[in-house]
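Participant: Here is the input, now give the coordinates:
(chains A and B)
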Amino acid sequence: MVLGGGTGGTLVANRLRRLLDAWSTEIVVVDGDDAHLYQPGLLFVPFGLARPESLTRPRGDQLRQGVSFRRAAVDRVDLEADQVWLSDGTSLAYDVLVVATGARLVPEETEGLTGPGWMEKVFTFYSLDGAVALRSALSRFTGGRLVVGVVDMPIKCPVAPLEFCFLADWYFRRREIRDRVELTFVTPLDGAFTKATCNRELSGLLEEKGVNLVTEFNTGEVDGQGGRLTSFDGREVPFDLAVMIPLHGGQAYIDRSPGLGDALGFVPTDERTLQSKAKPNVFVIGDAADIPASKAGSVAHFEGDIVARNIARYLVGEPLDAAFDGHTNCFIESGFGKALLIDFNYDTEPVTGRFPGRIGLPLLRQSRLNHLGKLAFAWLYWHVLLPGREIPAVPAEMPTAGKRLQPADDATSPPGKRGAR
Amino acid sequence: MPAATYAGTEVAVNDEGFFTDPAQWSEEMAPQIARQEGIAELTDRHWQVIKFMRQEYEAKGTGPTVRVLGKTSGVTVKELYQLFPKGPAKTAAKIAGIPKPRGCI
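Facilitator: Residues are numbered from 1 along each chain as shown, chains lettered A, B, ... in the order given. The predicted model follows:
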């Protein structure tokens, strides 16, 4: 039984269907709604670069024949009885459970965030409604202070807030009002990004595009009416329009399931085998896990192969394969039809070079090719990733062939000269 | 490897001053580390957080983030910042003699 019909749940169900005998194993995916949202597209909606209606498709249609879809909200999981209770009062028994319900936005946990001014002066593009509302707010915006703020980690797609800043710079330049807009990026981290090697490149890009950077700012309160973010240590950032990335947590049913989740509702999980620490017959894929990897679709994709194989091993009593290396791969849209690409895992920082091999997309450097890669990814998502197929030449384990694995020297050389061999 | 001397005992710390071996820590060292971090006196509320940090580290291998502290330590995030103005998770981890909390990626 797979809880959640998003990226991770869909691709693992499809992989399992190919892997397991159809006569002896039944696979069911449970989700509370039937709208599968292409989340990478949300970033583009506020700038009019993606049509909201093109981002969702029915969940059931993404599942292979032989995988059933049950539309129902989950009330709780009874780990001891191997049962899932649905909110209509019925229960479903399972032999193996996959938690694939992702992360949930919890804006109400930040004082004032959903108070006066929410969806008027304070928005988020991390939901479809929010992204659509922000699109009209941006089109009405004629100048002033635009603040992009991350309340706290972890968040989905940690590069998206930076991409929003880059695209906002492009958007206001195209409207020829860039000189009337002050752009500020506010983060609780001590740099622009979580990874030191990218930090230099990305901070440089922020500076180049005239985006102010406020670091180590833990937002304690959002005053929508007064137009002010206040940090827990008393600093203030004023705004005319705020684009906030709210706190994230696991789904509410996890909090109602004794022994399943941690304090934030994420599921403690072995970072190599992707088996939950709660019980051996519970596995976790994607954003729902507490592992030290980015909450991103590429991670769920690379995990899929390992989760499916480990479930097959578990079912026949074989030892699990500790194969997940934390592989993450992100396109970072930098505006003006260009993008950067980063590729890393638990042990290797994002470095320069090329991906996936010596002839490939340039890493940690702006290029038009990467932008095209990002656009092509939407097609790959629906047609290769969700069906649970491999992307040609992109293995689950992080490739090293085209990488320059000495980040310290590379990252200090000036931008533009990198990788130009 | 840098070292520091607290309560008359030399201990191993990293470049940022976090203990590399939490077993070298003892309660007598805490007030001195706290003064170094700008906290003149450790109250019972400070100690509640410090002890919680040690327990969490022993159970999970890493110290909690501010948000988790606020949810689980019995001290609100607001008060945590009053107690440890320079950043509760980092400062309390340093005083509690545990490595810097890994945080999130």
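Participant: pLDDT score for A:Glu53?
Facilitator: For A:Glu53, the pLDDT comes out at 95.
Participant: Am I right that it sits in a strand?
Facilitator: No. The assignment for A:Glu53 by DSSP: H, G, I helix; E, B strand; the rest coil gives helix, which leaves it out of any strand.
Participant: ok, it - how many residues close by?
Facilitator: Applying other C-beta atoms under 10 Å in any protein chain shown, we find 8 residues neighbouring A:Glu53. To be clear about C-beta, it is placed using only N, CA and C from the backbone, and glycine gets the same treatment.
Participant: Helices along the chain, start to end?
Facilitator: All of this is about chain A. For chain A, the helices defined by DSSP state H cover A:7-19, A:128-140, A:160-174, A:196-208, A:252-255, A:297-315, A:368-380, A:407-412.
Participant: hmm, I had chain B in mind actually
Facilitator: Here chain B has its helices, by DSSP H, at B:30-36, B:44-60, B:66-72, B:77-83, B:88-95.
Participant: Which residues does A:Arg354 form beta bridges with?
Facilitator: Counting by DSSP bridges, A:Arg354 forms beta bridges with A:Pro362.
Participant: so what's it up against?
Facilitator: By C-beta atoms under 8 Å, 6 or more residues apart in numbering or on different chains, the residues touching A:Arg354 are A:Gly360, A:Leu361, A:Pro362, A:Leu363, A:Gly402, A:Lys403, A:Gly419.
Participant: How about A:Asn212: what's its closest non-neighbour residue?
Facilitator: Nearest non-adjacent residue to A:Asn212, counting by C-beta to C-beta, 6 or more residues apart in numbering or on different chains: A:Thr184, 4.2 Å away.
Participant: returning to what we had before: of all the contacts of A:Arg354, which comes closest to chain B?
Facilitator: The closest of the contacts of A:Arg354 to chain B turns out to be A:Leu363 (C-beta to the nearest C-beta; 18.0 Å).
Participant: Please look at the closest one and A:Thr348 and confirm they touch.
Facilitator: No. Using C-beta atoms under 8 Å, A:Leu363 is not in contact with A:Thr348; the gap is 11.5 Å.
Participant: Counting neighbours, what do you get for whichever residue of the stretch 201-350 of chain A sits closest to chain B?
Facilitator: Relative to chain B, the nearest point of the stretch 201-350 of chain A is A:Phe232 (4.1 Å; C-beta to the nearest C-beta). Residues lying near A:Phe232 (other C-beta under 10 Å) number 21.
Participant: That one against B:Thr76, yeah?
Facilitator: No. Look at A:Phe232 against B:Thr76 with C-beta under 8 Å: they stay out of range, at 10.1 Å.
Participant: related to what we said a few turns ago, tell me the bridge partners for the residue nearest to A:Asn212.
Facilitator: As assigned using DSSP bridges, the partners bridged with A:Thr184 are A:Val147, A:Asn212.
Participant: mind checking how far it is from A:Val147?
Facilitator: 5 Å (C-beta to C-beta, to the nearest Å).
Participant: same check, this time on A:Gly360
Facilitator: A:Gly360 is 37 Å from A:Val147, by C-beta to C-beta.
Participant: higher neighbour count, the two?
Facilitator: Neighbour count, other C-beta under 10 Å: between A:Gly360 and A:Val147, A:Val147 has more, with 24 against 19.
Participant: ok, now which ones touch the more buried one?
Facilitator: A:Thr184, A:Phe185, A:Val186, A:Leu229, A:Val237, A:Phe239, A:Leu241, A:Ala242, A:Val243.
Participant: Point out the ones among the residues you listed that are inside strands.
Facilitator: A:Thr184, A:Phe185, A:Val186, A:Leu229, A:Val237, A:Leu241, A:Ala242, A:Val243 (DSSP state E).
Participant: my read: the second one touches A:Val148, true?
Facilitator: Going back to what we said before, that points to A:Phe185. Yes. A:Phe185 is within contact range of A:Val148, at 5.1 Å (criterion: C-beta under 8 Å).
Participant: Around A:Trp24, count how many other residues there are.
Facilitator: If you look again at residue A:24, you'll see it is Ser, not Trp. Neighbours of A:Ser24 (other C-beta under 10 Å): 7.
Participant: just the one 3 residues further on next, same as before
Facilitator: By other C-beta under 10 Å, 20 other residues sit near A:Ile27.
Participant: For the residue nearest to it when sequence neighbours are not counted, the count of nearby residues, please.
Facilitator: Excluding the flanking residues, the one nearest A:Ile27 by C-beta to C-beta, 6+ apart is A:Val67, at 4.7 Å. Neighbour count for A:Val67, taken as other C-beta under 10 Å: 19.
Participant: how near is the closest residue in space to A:Asp33 that isn't next to it in sequence to chain B?
Facilitator: Using C-beta to C-beta, 6+ apart and skipping residues adjacent in sequence, the residue nearest A:Asp33 is A:Arg71, 7.2 Å away. A:Arg71 sits at a distance of 32 Å from chain B (criterion: C-beta to the nearest C-beta, to the nearest Å).
Participant: where does the chain dip in pLDDT?
Facilitator: As the question left the chain open, I've gone with chain A. Applying pLDDT under 70 to chain A flags the ranges A:406-421.
Participant: Can you look at chain B instead?
Facilitator: Applying pLDDT under 70 to chain B flags residues B:1, B:103-105.
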